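How does the following fold in three dimensions:
(3 chains)
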Amino acid sequence: MADMNTYIRVSLPAVCFVWQIAMVVLFGVFIRYDEESDEKGWNEFKKSHNITSNIENDFYFRYPSFQDVHVMIFVGFGFLMTFLKRYSFGGVGFNFLIAAFGLQWALLMQGWFHALDPVTGKITIGIESLINADFCCAGSLIAYGALLGKVSPVQLMVVTLFGVTLFAVEEYIILDLFHCRDAGGAMVIHTFGGYYGLAISWVLYRPNLNLSKRLNGSVYHSDLFAMIGALFLWMFWPSFNSAITNHGAGQHRTVINTYLALASCVLTTFAISSMSQKKGKLDMVHIQNASLAAGVAMGTAAELMITPYGSIIVGFCCGIISTFGYLYVTPFLEKKLKLQDTCGIHNLHAVPGMLGGFVGAIVAATATEEIYGKEGLIETFDLTGKFENRTMSTQGGYQAAGTCVAIAFGLVGGVCVGFILRFPIWGDPADDFCFDDEAYWEVRLPYILVHFGSLSDFIFWFQLPEDEETIPPVLEYNNHMVNKHHDT
Amino acid sequence: MADMNTYIRVSLPAVCFVWQIAMVVLFGVFIRYDEESDEKGWNEFKKSHNITSNIENDFYFRYPSFQDVHVMIFVGFGFLMTFLKRYSFGGVGFNFLIAAFGLQWALLMQGWFHALDPVTGKITIGIESLINADFCCAGSLIAYGALLGKVSPVQLMVVTLFGVTLFAVEEYIILDLFHCRDAGGAMVIHTFGGYYGLAISWVLYRPNLNLSKRLNGSVYHSDLFAMIGALFLWMFWPSFNSAITNHGAGQHRTVINTYLALASCVLTTFAISSMSQKKGKLDMVHIQNASLAAGVAMGTAAELMITPYGSIIVGFCCGIISTFGYLYVTPFLEKKLKLQDTCGIHNLHAVPGMLGGFVGAIVAATATEEIYGKEGLIETFDLTGKFENRTMSTQGGYQAAGTCVAIAFGLVGGVCVGFILRFPIWGDPADDFCFDDEAYWEVRLPYILVHFGSLSDFIFWFQLPEDEETIPPVLEYNNHMVNKHHDT
Amino acid sequence: MADMNTYIRVSLPAVCFVWQIAMVVLFGVFIRYDEESDEKGWNEFKKSHNITSNIENDFYFRYPSFQDVHVMIFVGFGFLMTFLKRYSFGGVGFNFLIAAFGLQWALLMQGWFHALDPVTGKITIGIESLINADFCCAGSLIAYGALLGKVSPVQLMVVTLFGVTLFAVEEYIILDLFHCRDAGGAMVIHTFGGYYGLAISWVLYRPNLNLSKRLNGSVYHSDLFAMIGALFLWMFWPSFNSAITNHGAGQHRTVINTYLALASCVLTTFAISSMSQKKGKLDMVHIQNASLAAGVAMGTAAELMITPYGSIIVGFCCGIISTFGYLYVTPFLEKKLKLQDTCGIHNLHAVPGMLGGFVGAIVAATATEEIYGKEGLIETFDLTGKFENRTMSTQGGYQAAGTCVAIAFGLVGGVCVGFILRFPIWGDPADDFCFDDEAYWEVRLPYILVHFGSLSDFIFWFQLPEDEETIPPVLEYNNHMVNKHHDT
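Down below sits the predicted model:
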């Protein structure tokens, strides 16, 4: 019964094949190497730009950061979502699936908006495109955090298809039309992704989700797996924010700012986590998540001259705000707003992202030639062409407006996608079958055989670890159980 | 009894010491720094080549890729092999041992063939040598995949000694004599390593291996550990394929191609995995392994102008082929050909590697000056010296021939090594003691004490997690068990 | 009762907030971007140094190594310390906390000693400062290894505050006054950190620690988590030692030397580990730790012309010495010297670090112009200014003296800090509550419900995994246990 619901043997392969074949066709029509990755192109580029050394290829400026970003997307996001005791396969596995699809679709969508050659009609890609594609996926992966355990992989493919599409549009508005700076994507990635996921989850509200309550939590080992994800995100966030900033001092400064903000955030996270519990015990949920909030909040401002102590102040505040969010806001949202947010992306992405957008606006508005130098100001904010005469206060205004656009796209887009996902065709699990890998995965749980030889001849099996927090029907633990699993 | 069989207290230390002392002596006689890592040499090199900046040192072109490859060898291969429920120590631990030995022996073997200075009689090494040494180990680590759980560490040292030796010879034939391109080693690493392991395993066939059947499988947590390995392999495969390609556009393009092929492969892997099961459930074995096949298959062609959509097509096919391999070919090989392949390297390395060799041959044969430019064609295929006038169709022919050489070396070498390993002196485990870390490791499994205080005075211990899939002798679970483990 | 002891709800938040606010203030007063990360500064620097390409920014020489070092600090050290069966949260979590604090304080302390601009009174920071800050933390993280499971997080913050302070002073004496070379910190990091931790642990000796003996050990899965940490340390140690060495051949050669020494060390570690056990079985403790000792021991000499075979010999010896340490010296220290060293830092850091210092002294003393070239010798040992005329034998003498300074600072500093930590205000756990995450963390252990339906109506719960090695009071396993955990 519950099992029938999650039957995806037709829909998942169909979606994967149709979309991947579409990718083959669209890549065939549109995607080509750019001048720094094309064999002929690069030789010509070197001659025309009078470059003597291959080290000037953008590859060497960006590749180490790209690999760090790649690790964040697949191991960082993936393992952070293994924290549920019995949904670790779904956390890391579906993250893998949708990121692998999303990055291909992102190359196309971002290409059409940013890199379409008007003459040839082709999109050219290089290392920076790959970074941007990974970034674009991040938006949908964040949204997955709110939906974790409650949706089917087919629904996630839909979330990603629309998520990447919406991302490309809002990114075009914010970065191109508004000409904002947002290197680490506080606005375009985190604010958008956060509100997108929250809006979807709000539409998909399940009043009887407490039927799966026993599985909606972590267990000792799953928290350690999640810590792997959390640490790789934390360590590589400086690369995330600096991956596409300006060569030279730009990348250099972004790393320093993000590094400092993250360090500061850890201490306030530990402090609030300990304060919040009667006995002062720390909670792994806070440590894994809230300590990352500073990376999000520095997404816009990190490349600016926010100063080292400015960065530390941002981190200081984010640790507090995010941990409070996990303690009070997430339960409030669930109870009052009917919003179930499995990973608490409200506190890790939506709010810190929004804050980051406004911090960026303030730092931009207060930028002066004295601090950046005339040349530096132009380079940092790319004040060329039709933006040559934009003042810094105008820039700040546009940055703030960009944040609002990201929120709007997230909320409106999320509500629309949410309604699409409510059609009863997607194979999502019943309320009593959420947070359970059994729905979509071959699961091999450990068993134990106990023989009470000296007491009776009764032999039975039971399953480990059950992780039950409420007493389940007793029948589940006697012979019935044995047979059930042996027949499989 | 079974324990006596696996007694390696003399043989393992003897092999380690003898071979490591040999390394000290041979390194003392042969190995020196190359001109880019020698203090004096680099200063002279800079002057003679009119280089002004240290950034031109090959170190800065290669080091980030090297570190990624290093992670693939030790964490990637190592953790991918932790998937067995009770052989995780052996998976990651013996991988560590043989890679650490193999890379030293590879520096010597590859040095004698490729970097021996005819005047001084010395081998000079730099960062590219380290990458090549890691690559060379990979061949033997792949072979280990077929043997996992069935051989002793001493046997693995023998597998690696001969594996590295054979590798250096076939590499010399393929890369130097045939003048093939094979940057990511589809031929020299994966095809060779795959067939080498399969041939050894075929010779070492165990008709009664089903005595250890209960341990030949994964459990929930071990699949998560394996996923760490799988993801690091997947993420860093672009670095693997590009690590020793040409500076500039060569490395840049290789990364793009590998990245795209891998993304595409994930979707078809998920599709076939879901289709293959009655209820549409996904299997972690496929996700962990088949999604990597595209990286293997792009090993030769990734540095060529295969085009982005060409890469996606290769990935598309590999996901299908490799997953089918896990579903049908591996069971077939075991039943019909008496070939036990624990990790399914046939589907992840042997077949995709062979395909990769032929894809590379086709892409090479169709290369034109129009696509690469005159200069680019010469650089990409290194058409200098006596190969100056080689046509592209000839090059394609040699590429295909190279693939056959790799297969031949793998099969013939593997059979010979297999017979060496059949001597009854190596401490390999009995048929009922395979896939069990107890054979070679101090294992501290969790215990539980249950006291049925209110029922009787009977106290006993049992062991967790047992992970049994068949009902074991009941005696193992009462007092006997307690004593056994308490006496240790 | 035991719980009251570990009440940190006031002290931990207080320490975190006070110290983090101090960081905000001190960073505001002192810390600024350096000329390669400041927007204006870099543009001016390029002009004044006639640099045309941004690739000359130190960022591109150092950033990949920095990220590797960052991974070692947080994932490497953190996960290596998850090996205890029930203290994994504390291992990786407190490591996270104190490293995040330590690196901020290190930027200030090292800045005051090394980078204070006498005119402006400001410290300027860049990528090399971040690497040095991570290095500086490592000293305190090493010390944590000796204290693991026996101290409170508040005590660890004190250990780090003083550890970083002492580090900066000894580093100033060794690197500036003595003008030693110590790129990978064999002396300043490992020798100091090792003896610092041992001295603290000696002062904090707990005669009744065997009350917690049942939890002072690993279990199958915790050893696998620890292996993640061990491998990331092992793989990235070449980056650690080369991160701040000279550009060009310096970094290149350091990587080669460290890589070779580590490989060699693995084989002798396996050999001794197998020899030491009656049945020849390997011990994960040795594999995880002793195989890293070569990285420590190469900390000073790796950047020198120690030759490849010299590196292999160092690794060969370190594997033997360190494994013997785990087998015989650690138990001896505990029994005879009353020194409890949880992670065995004596064998992994203190002794190999000291050896590394002396190896460095010998290699420095035997350096000649013939080997390094005139220019290379001056560059390698920075023989400029008042050190222009220092002979190599004098240099060797200072290197040896530097090692002694590091030992002295570690021992004296550690004893002093140890006495501070003996005040009964820090919330450290009682002797029977050590190595237990329950003291400071919300722990969600798996439970199991057993129903003996056919025997009686008695239902009870018990906790998994118990991991007991001694028979605990029987009462813990009947109804009492159930109630205890249900009431929480």
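
hey, let's count contacts and neighbours off CA atoms from now on
Fine.

Secondary structure element holding A:V164?
Taking DSSP states H and E as the criterion, A:V164 maps to helix A:153-171.

Surely A:R444 and B:V219 touch.
Yes. If you go by Cα atoms under 8 Å, A:R444 and B:V219 touch, sitting 5.1 Å apart.

just to revisit the earlier point, the helix holding A:V164 - contacts with which helices or strands?
helix A:11-30, helix A:88-114, helix A:127-147, helix A:192-203, helix A:392-421 (3 or more Cα pairs under 8 Å, 6 or more residues apart in numbering or on different chains; DSSP states H and E).

Surely A:L224 touches C:F89?
Yes. Contact status for A:L224 versus C:F89: in contact at 7.3 Å, counting by Cα under 8 Å.

middle-most residue in chain A, spatially?
A:I142 (3.3 Å; Cα atoms, centre = their mean).

quick one: contacts for that one?
A:190, A:193-194, A:197, A:345, A:349 (Cα atoms under 8 Å, 6 or more residues apart in numbering or on different chains).

before we move on, the earlier item: which one's more surrounded, A:L224 and C:F89?
C:F89 (29 against 26; other Cα atoms under 10 Å in any protein chain shown).

Chain neighbours aside, what residue packs nearest to the more buried one?
Setting aside the residues directly before and after it, C:F89 is nearest to C:D437 in space (Cα to Cα, 6 or more residues apart in numbering or on different chains), at 6.4 Å.

Could you do A:N57 as well?
B:G248 (5.8 Å).

ok so, going back, what about the contacts of A:I142, which one has the most neighbours?
Result: A:G193 is most packed of those (other Cα under 10 Å), 38 neighbours.

separation between that one and C:L12?
Separation of A:G193 from C:L12 (Cα to Cα, to the nearest Å) stands at 34 Å.

cool, A:N389 as well?
Taking Cα to Cα, one finds A:N389 at 51 Å from C:L12.

Pick out whichever of those two has more residues nearby.
The neighbour count for A:N389 versus C:L12, taken as other Cα under 10 Å, is higher for C:L12 (26 against 10).

residues contacting A:N95?
A:74, A:77-78, A:141, A:144.

cool, and A:I287?
A:266, A:269-270, A:273, C:93.

before we move on, which element is it in?
helix A:284-289.

Quick one: name whatever helix or strand follows that helix.
Counting by DSSP H and E, what follows helix A:284-289 is helix A:293-297.

Off-centre distance for that next one?
Distance, stretch centre to chain centre, for helix A:293-297: 12 Å (Cα atoms, centre = their mean, to the nearest Å).

Dump that helix to PDB, restricted to CA.
What follows is helix A:293-297, C-alpha atoms only, in PDB (Å, rounded to 0.1, in the frame of the first residue of the first chain):
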ATOM      1  CA  ALA A 293      25.900  30.500   8.000                       C
ATOM      2  CA  ALA A 294      28.700  33.000   7.900                       C
ATOM      3  CA  GLY A 295      29.800  31.600   4.600                       C
ATOM      4  CA  VAL A 296      26.400  32.300   3.200                       C
ATOM      5  CA  ALA A 297      26.200  35.800   4.600                       C
END
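
how about it against chain C, any contact?
No. Taking Cα under 8 Å from any Cα of the partner chain as the criterion, helix A:293-297 and chain C are apart, separated by no less than 12.8 Å.

who does that helix touch, helix- and strand-wise?
helix A:220-242, helix A:249-275, helix A:308-324, helix A:351-365.

sorry, back to before: most tightly packed of the helices and strands packed on helix A:153-171?
helix A:192-203 (a mean of 30; mean count of other Cα atoms under 10 Å in any protein chain shown).

who in the stretch 101-250 of chain A is up against chain C?
Counting by Cα under 8 Å from any Cα, the stretch 101-250 of chain A sits next to chain C at A:218-220, A:224, A:228, A:231-232, A:235-236, A:247-250.
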